[in-house]
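> when you get a sec, could you give me coordinates for this:
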Amino acid sequence: MHNRMALLFLSMSLAAVMLAGCFGGAEPKEGGVPANANAANAEAPSPVPTADNAPSDEEEQSAETPEESAQPEPIQVHDIAGHASETYITQLLQSGSITPDADGNFRPNEAITRSEFIHWMYGYDDKGIKPYKPSAPSFIDVPKEHADFELVEGLHQAGVITGFPDQSMKLDKELTREELCLLWAWYQSADSVIDPIIPLASAELSLKPYGDGDKVGQIFIRAVDQYLTNEEVSYTAVFGKTPKLNPQGSVTRAEAAQWIVSYSDKNEQ
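Got it, this is the predicted structure:
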């Protein structure tokens, strides 16, 4: 009997030890999560950079200094090399005022239209003038549907363009030398042309030395006179020093480029 009780007590002791092993460890916190569970799930600290993973000097420089924007490539034109007006044409092209045609040509010796010249002089120096869309056209041949309507109206609204006495602009017509002088004088607000105080006879007198000076149209006399001896751009410097003015001669694209650039360059000096 005594031995049986001793064995029973020993068995109960072993069972208690085994149960303690199964449920031992840290006591669970509220909700049944062990106290050491939070430590296991806690966010690990950020690793300290080492020689292997530290950013290089080039990486730091690229992160701090933005990459410089790529420079635009020079415009390639096939038909101006060696031309007398190559420098002026190149400068006009580089300004973004105009672009070569689809074949990469400028066509320097072709005649320029009045529309093209207006776009060129505006593109090279827009004077802060914005296109304008009035309710009614100002010129009889530039209706609202015309591609140049808003530009022409904007220039007209700003008072820097004029047409012919019949209120036409003749935009598709080839530009003549005398017309260029008048368009330019208005665009540059030359008082001696727009609001003159000197009699017309005085301007006519300065044209006398030229064999065809009397062929200059009445509305163009003051404008041609304005640029015969002008310091910014000279009629003879662009069209040549010859005994005749050839006022109704067509202006070439190269001559137009030289006129626009040489005048603007002189005013920037």
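
> helices of the chain, start to end?
Applying DSSP state H to the chain gives helices spanning 2-22, 37-41, 57-64, 86-94, 114-124, 149-157, 177-187, 191-194, 200-207, 221-228, 235-239, 253-268.

> so who does residue 208 touch?
residue 214 (C-beta atoms under 8 Å, 6 or more residues apart in numbering). Every residue, glycine included, has its C-beta placed from N, CA and C.

> what are the phi and psi values for it?
Reported as degrees, to the nearest 10, the phi and psi values for residue 208 are phi -60, psi -40.

> look up how far residue 148 lies from it.
37 Å (C-beta to C-beta, to the nearest Å).

> also residue 226?
Distance from residue 226 to residue 148, by C-beta to C-beta: 25 Å.

> which one's more surrounded, those two?
residue 226 (23 against 18; other C-beta atoms under 10 Å).

> surely the more buried one and residue 183 touch.
No. With contact defined as C-beta atoms under 8 Å, residue 226 does not reach residue 183; the gap is 12.0 Å.

> let me know the pLDDT of residue 268.
According to the prediction, residue 268 has pLDDT 64.

> swap in residue 78?
pLDDT at residue 78 comes out at 89.

> find the nearest non-adjacent residue to residue 91, please.
Nearest residue to residue 91, sequence neighbours excluded (C-beta to C-beta, 6 or more residues apart in numbering): residue 261, at 5.0 Å.

> contacting residues for the one you found?
Per C-beta under 8 Å, 6+ apart, neighbours of residue 261: 88, 91-92, 124.

> repeat for residue 181
With C-beta under 8 Å, 6+ apart, residue 181 has these contacts: 220, 223-224, 226-227, 235.

> for burial, what's the neighbour tally of the residue nearest to residue 242 when sequence neighbours are not counted?
Take residue 242 and drop its neighbours on the chain: the residue closest to it by C-beta to C-beta, 6+ apart is residue 236, 7.9 Å away. Using other C-beta under 10 Å, the number of residues around residue 236 comes to 13.
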